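Novice: Predicted structure and sequence below. I'll ask about it afterward.
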Amino acid sequence: MFENIRLSFKGIWSHKMRSFLTMLGIIIGIAAIIAIVSTIQGTNEQIKENLIGSGDNTVTIALYQGDWTYEMGYEGLPEGVPVISKDILQRIREIDHIEDASAYLSRQDYGGVYYLNTVLSGGYVMGVDQNYFNACNFVIQRGRGFTEKDYKEYHKVALLDQDSVSVLFEGEDPIGKTIEIKKEPYIVIGTVGKSTEFEPVINSIEDYYTYAQDSAGKVYIPDTTWPIVYQFDEPQNLVVKVDATDNMTDAGKESANILNTYLSTSDETIKYKAEDLLEQARQIQELGESTNSMLIWIAGISLIVGGIGVMNIMLVSVTERTQEIGLKKAIGARKSNILGQFLTEASVLTSMGGMLGVISGIVLAEVISRVSETPVAISVPAALGSVLFSMIIGIVFGMLPSYKAANLDPIDALRHE
């Protein structure tokens, strides 16, 4: 085997230009496949980050009526939906892959949050428990957070995110100022934000509107003061923090199933559902991959063309080396020895083309990334698979020339001019 490989490299080197032209079809096909796969993977990661956020791994479980979230402000309090108790929260925290969980209340308000004459139209009022900010990876950026005393003594204090600060205060320091929530005065004690900032890539007007829906200003108040503003307790939503992005779907569904076991409503359309952003990302990725798979098949055609080129040059090589084959047979070489030598030469030739194709594909992917600002992610399995596939092409298309060489009559071969 090693002798055959040595002879193969010697033969390739002695006909450098011919060997390179023979490998060119393999190089182009492999390079195209590597570039396409790298672009697909990079785009898929961008889709996942745009929808889910980098390193966030939180899943929201909300109360739904049919296919739409249940709106307390319009539908009123649903019957048979209890509040989420500490025991329920503890049960959810014990689910595999869930690191933390928090219950919260949420209401989108179009005219109830004011600072002087400025309104936070379309902003959200959030009633949160003491564990909410930790579960959602939030940190206090300025001022202070809620204390246990704020919850026990029903202090009317509020925390704002950066969007609500920008709208309500327009550059003014919000700490210590009083805002109104449904005509109830709340003192701003601090501002909050994500512990790690993430800005999604926005490539279209649709992306802009999708992101804009998630960037409305939010005002956070202790959940114990929620009845002061909205006059009654309400069923909460839930947010769970998961250890890895790929576990979000299962953790969200299991949490929703636990909450639904506590429902006693006669309306069967009212259920808790997990916001499955990971599944949304997968659906978009599958839509893109179905198109890109066609491109891979088209690129694969050049590999077949390259394989035909290998078969052609190997047939020429057999003709050129007919006397050499006859001499080897005359001194005792078996058919299997001749077959192995030519198959090895064909597979070495295409493997070299595959490796050059992988390098070219990586370079091409980087060029595409820089020119079109498309993210890429180099796939090591795809690179290794491409080299292996190119070797298989060499074996398949080198079989006919190798078989022809192995079956030459030694007397006729020695007489060949």
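Specialist: Arrived safely, thanks for sending.
Novice: looking at this protein, which helix or strand is least sure?
Specialist: helix 205-214 (a mean of 41; mean pLDDT, DSSP states H and E).
Novice: Only C-alpha atoms, please: export the helix or strand that it is followed by in CSV.
Specialist: Next helix or strand after helix 205-214 toward the C-terminus (DSSP states H and E): strand 218-222. Extracted C-alpha coordinates of strand 218-222, given in CSV (Å, rounded to 0.1, in the frame of the first residue of the first chain):
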residue,chain,number,x,y,z
LYS,A,218,-40.6,48.4,29.9
VAL,A,219,-41.3,49.5,33.4
TYR,A,220,-40.8,47.0,36.2
ILE,A,221,-42.6,47.2,39.5
PRO,A,222,-42.7,44.7,42.5
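Novice: Describe which strands strand 218-222 pairs with in its sheet and in which direction.
Specialist: Here strand 218-222 is paired, per DSSP bridges, with strand 123-128 (parallel), strand 157-160 (antiparallel).
Novice: Heading C-terminal from the last one, find the next helix or strand.
Specialist: Read that as strand 157-160. That would be, after strand 157-160 and using DSSP H and E, helix 162-169.
Novice: Sort out which residues of that next one are buried, please.
Specialist: Asp163, Ser164, Val165, Val167, Leu168, Phe169 (16 or more other CB atoms under 10 Å). Where C-beta positions appear, they are placed from N, C-alpha and C, glycine not excepted.
Novice: what's the following helix or strand past that helix in contact with?
Specialist: Moving toward the C-terminus from helix 162-169, the first helix or strand encountered (DSSP H and E) is strand 178-181. Contact with strand 178-181 is made by 109, 112-115, 125, 158, 168, 185-188, 219, 221, 229, as judged by CB atoms under 8 Å, 6 or more residues apart in numbering.
Novice: Could you write me a ChimeraX select line covering just the buried ones among the residues you listed?
Specialist: The following ChimeraX line selects those of these that are buried, judged by 16+ other CB under 10 Å:
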select :109,112,113,114,115,125,158,168,186,188,219,221,229
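Novice: Most widely separated two among the contacts of strand 178-181?
Specialist: Asp109 and Ile187 (18.3 Å; CB to CB).
Novice: In this protein, mark out all the strands, start to finish.
Specialist: Secondary structure of the chain (DSSP state E): strands at 58-65, 68-69, 98-109, 113-115, 118-119, 123-128, 138-143, 157-160, 178-181, 184-194, 218-222, 237-242, 270-274.
Novice: Count the residues that sit near the residue lying closest to Leu364 once chain neighbours are set aside.
Specialist: Spatial nearest neighbour of Leu364, excluding adjacent residues (CB to CB, 6 or more residues apart in numbering): Ala35 at 4.3 Å. Number of residues near Ala35 (other CB atoms under 10 Å) recorded here: 23.
Novice: repeat for Ser195
Specialist: 14.
Novice: what do you get for Leu160?
Specialist: Neighbours of Leu160 (other CB under 10 Å): 33.
Novice: bridging residues for the closest residue to it other than its chain neighbours?
Specialist: With sequence-adjacent residues excluded and distances taken as CB to CB, 6+ apart, Leu160 is closest to Thr191, at 5.4 Å. Beta-bridge partners recorded for Thr191 (DSSP bridges): Arg142, Leu160.
Novice: Hmm, Phe146 is touching Thr224, no?
Specialist: No. Using CB atoms under 8 Å, Phe146 is not in contact with Thr224; the gap is 9.8 Å.
Novice: neighbour count winner among these two?
Specialist: Phe146 (24 against 18).
Novice: How much space separates that one from Pro174?
Specialist: 16 Å (CB to CB, to the nearest Å).
Novice: same deal with Val229?
Specialist: Val229 is 19 Å from Pro174, where distance means CB to CB.
Novice: ok, now Gln236?
Specialist: 26 Å.
Novice: Same check on Ser166?
Specialist: Distance from Ser166 to Pro174, by CB to CB: 10 Å.
Novice: hang on, the earlier thing: which of Gln236 and Pro174 has more neighbours?
Specialist: Gln236 (25 against 21).
Novice: What count of nearby residues applies to Ile270?
Specialist: 20.
Novice: how about it, what does it touch?
Specialist: Leu63, Tyr64, Gln65, Tyr70, Pro78, Gly80, Val81, Leu263.
Novice: Which one of those is nearest to Asn134?
Specialist: Leu63 (23.0 Å).
Novice: wait, doesn't Thr39 sit right on Ile378?
Specialist: No. Using CB under 8 Å, Thr39 is not in contact with Ile378; the gap is 10.4 Å.
Novice: Which one's more surrounded, the two?
Specialist: Thr39 (22 against 16).
Novice: gap between the closest residue in space to Glu148 that isn't next to it in sequence and Lys218?
Specialist: Leaving aside its chain neighbours, Glu148 sits nearest to Gln130 (6.9 Å; criterion: CB to CB, 6+ apart). Here the criterion is CB to CB. By it, Gln130 lies 17 Å from Lys218.
Novice: So for these two, which residue has more residues nearby?
Specialist: Lys218 (21 against 16).
Novice: tell me which residues form a beta bridge with that one?
Specialist: Tyr124.
Novice: Can you tell me how far it is from Val387?
Specialist: Counting by CB to CB, the gap from Lys218 to Val387 is 51 Å.
Novice: Could you do Asn137 as well?
Specialist: Remark: distance between Asn137 and Val387 (CB to CB) = 41 Å.
Novice: Could you do Ser351 as well?
Specialist: Taken as CB to CB, the span from Ser351 to Val387 is 6 Å.
Novice: Give me the below-cutoff pLDDT ranges for the stretch 251-400 of the chain.
Specialist: 276-296, 298-300, 320-321, 323, 325, 329, 373-374 (pLDDT under 70).
Novice: hmm, who's touching stretch 377-384?
Specialist: Taking contacts as CB under 8 Å, 6+ apart, the residues outside stretch 377-384 that touch it are Ile33, Ile34, Val37, Ser38, Gln41, Gly42, Asn44, Glu45, Val358, Gly361, Ile362, Ala365.
Novice: ok, the first one touching Ser390?
Specialist: Spelled out, that is Ile33. No. Ile33 is beyond contact range of Ser390, at 10.2 Å (criterion: CB under 8 Å).
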